[in-house]
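Student: need a structure here:
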Amino acid sequence: AMIASREEEIRRFVPKPYYGIRGRAGSLTLAWKDKKSGSGSSFQKERIENILKELSGKQAVVERVKKTPKKTMAPLLYDLTELQREASRRFDYSAKETLNIMQRLYENHKVLTYPRTDSRYLSSDIVPTLKERLKACSVGPYRVLAGRLINQPLPAKPSFVDDKKVSDHHAIIPTEQFVQLDHMTNEERKIYDMVVRRFLAVLYPASQYEQVTMEAKVAGETFAASGKVIKSLGWKEVYEDGADDDLEDEADDEKKLKDQRLPEMKTGTRLKILKTSLNTGKTKPPARFTEATLLAAMENPVKFMETRDKEAAKTLGETGGLGTVATRADIIEKLFHSFMMEKKGNEIHITSKAKQLLELVPED
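Tutor: Here you go, the predicted structure:
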């Protein structure tokens, strides 16, 4: 029913075009901002075209430059659902496949801890074993990364240790078993790699950077630009490409705008606007479910409930959603096997059989 209602939303969706303005001053790209709403786009094409005409040949005057030191902590350790979601997103593994691979790494290779867990924290009794676990996994590509941690004291108050947030089993981490990478299949290597890198990442310091934002006025209109200057990579060193691709949903254009290198500027600096252009886009319908997003929705299904019953919503929240970490993969598999759902690419669609079933099933 969750998938059916999402398909209905997509079917009813009508895209609306929106418009914005980009200005270039040397290597800098500025984006127009609505004075009232702060939004970077407008649905009124005429308004944007009129503003564009006003801008030609005008200079920009920098009104404010703000530098904010920021830091980001490593993401939390994996529980089963989070690992299944990420493996689905990165390698297109089904939830069931990921669980089977994990099970082999746990039972046969004995290199990872118990996979069927819903906690992303460790209990305090695990802390004394962390060094041994680091030594066990400091092989191959992890030798240098783990080596740095082995000779250093562990964080005094680790953010990933919380006895209250561990019920039966703690988060998935490497064991103290010596690792032989060449004994693993390609799939096992990939999943093992995810767990080890996440384990190393939480032990590394925060990643620090300086967020720089600037606003300028051109012919009475506000333009803004932002960028960041990396001060120290911290945990991002663990991921070779500099970061775990958490932002892969963000449109490239938007990402480039946020991460550009800003030249040194002061309030009052005048910039010559070399070129202005209209940029357009269309509002997008909600995305279809993939296995990764379906797992997340099963874990937290309250917003998909049709009844507005507060008590029922509370119960659903307390029980940890539909299914358990150990059974969600099976529930999804069963729906594929009984031809209620099918995959097209990595998107999940419901079949005509499922639509019929939803009409026949009594409301309650």
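
Student: what is the least confident helix or strand in this structure?
Tutor: The weakest-scoring helix or strand in the chain, judged by mean pLDDT, DSSP states H and E, is helix 252-258 (a mean of 73).

Student: the next helix or strand after that helix: how far from the chain's middle?
Tutor: Later in the chain than helix 252-258, the nearest helix or strand by DSSP states H and E is strand 270-272. The chain centre lies 37 Å from the centre of strand 270-272; the measure is CA atoms, centre = their mean, to the nearest Å.

Student: list the buried ones in strand 270-272?
Tutor: Buried residues in strand 270-272, counted by 16 or more other CB atoms under 10 Å: Leu271. Yep, even glycine has a C-beta here, placed from its N, CA and C like the rest.

Student: paired strands for that strand, with orientation please.
Tutor: Sheet pairing for strand 270-272, assigned by DSSP bridges, gives strand 59-72 (antiparallel).

Student: how far off centre is the strand it pairs with?
Tutor: Centre-to-centre, strand 59-72 and its host chain are 26 Å apart (CA atoms, centre = their mean).

Student: okay, now the residue nearest to Met305 when sequence neighbours are not counted: neighbour count?
Tutor: Once flanking residues are discounted, Met305 sits nearest to Ala313: 6.1 Å by CB to CB, 6 or more residues apart in numbering. Per other CB atoms under 10 Å, the neighbour tally for Ala313 reads 15.

Student: dihedrals phi and psi, Ala313?
Tutor: Dihedral pair for Ala313: phi -60, psi -40, per degrees, to the nearest 10.

Student: assess the claim that it and Phe304 are in contact.
Tutor: No - with contact defined as CB atoms under 8 Å, Ala313 does not reach Phe304; the gap is 10.6 Å.

Student: next one: the residue nearest to Val161 when sequence neighbours are not counted relative to Ala296, how far apart?
Tutor: Once flanking residues are discounted, Val161 sits nearest to Leu122: 5.1 Å by CB to CB, 6+ apart. As judged by CB to CB, to the nearest Å, Leu122 and Ala296 stand 23 Å apart.

Student: how about Asp182?
Tutor: In terms of CB to CB, Asp182 sits 35 Å off from Ala296.

Student: those two: who's more crowded?
Tutor: Per other CB under 10 Å, whichever of Asp182 and Ala296 has more neighbours is Ala296, with 17 against 8.

Student: pLDDT score assigned to the more buried one?
Tutor: pLDDT, Ala296: 92.

Student: same deal with Gly242?
Tutor: Gly242 is assigned a pLDDT of 46 by the prediction.

Student: Ala216: what secondary structure?
Tutor: Under the three-state scheme (DSSP: H, G, I helix; E, B strand; the rest coil), Ala216 adopts strand.

Student: burial count for Lys66?
Tutor: By the criterion of other CB under 10 Å, Lys66 has 10 neighbours.

Student: who are the contact partners of it?
Tutor: Shown in contact with Lys66 (CB atoms under 8 Å, 6 or more residues apart in numbering): Val212, Thr213, Met214.

Student: for Phe339, give its distance to Ala354.
Tutor: Phe339 is 8 Å from Ala354, by CB to CB.

Student: which of those two has more neighbours?
Tutor: Taking other CB under 10 Å, Phe339 and Ala354 do not tie; Ala354 has more neighbours (19 against 11).

Student: how about that one, secondary structure?
Tutor: With three-state DSSP as the basis, Ala354 sits in helix.

Student: how many other residues sit next to the residue nearest to Val161?
Tutor: Using other CB under 10 Å, Leu122 has 24 other residues around it.

Student: you'd agree it is up against Pro174?
Tutor: No - contact criterion CB under 8 Å: Leu122 and Pro174 do not qualify, at 12.0 Å.

Student: so, low pLDDT: which residues of the stretch 201-350 of the chain?
Tutor: 241-252 (pLDDT under 70).

Student: can you rerun that using 90?
Tutor: Scanning the stretch 201-350 of the chain with the threshold set as pLDDT under 90 gives 219, 227-230, 240-266, 269, 271-275, 300-321, 324-326.

Student: run through the strands of it in chain order.
Tutor: Counting by DSSP state E, counting those that start in this stretch, one finds strands in the stretch 201-350 of the chain at the ranges 207-218, 221-232, 270-272, 275-282, 341-344, 347-350.
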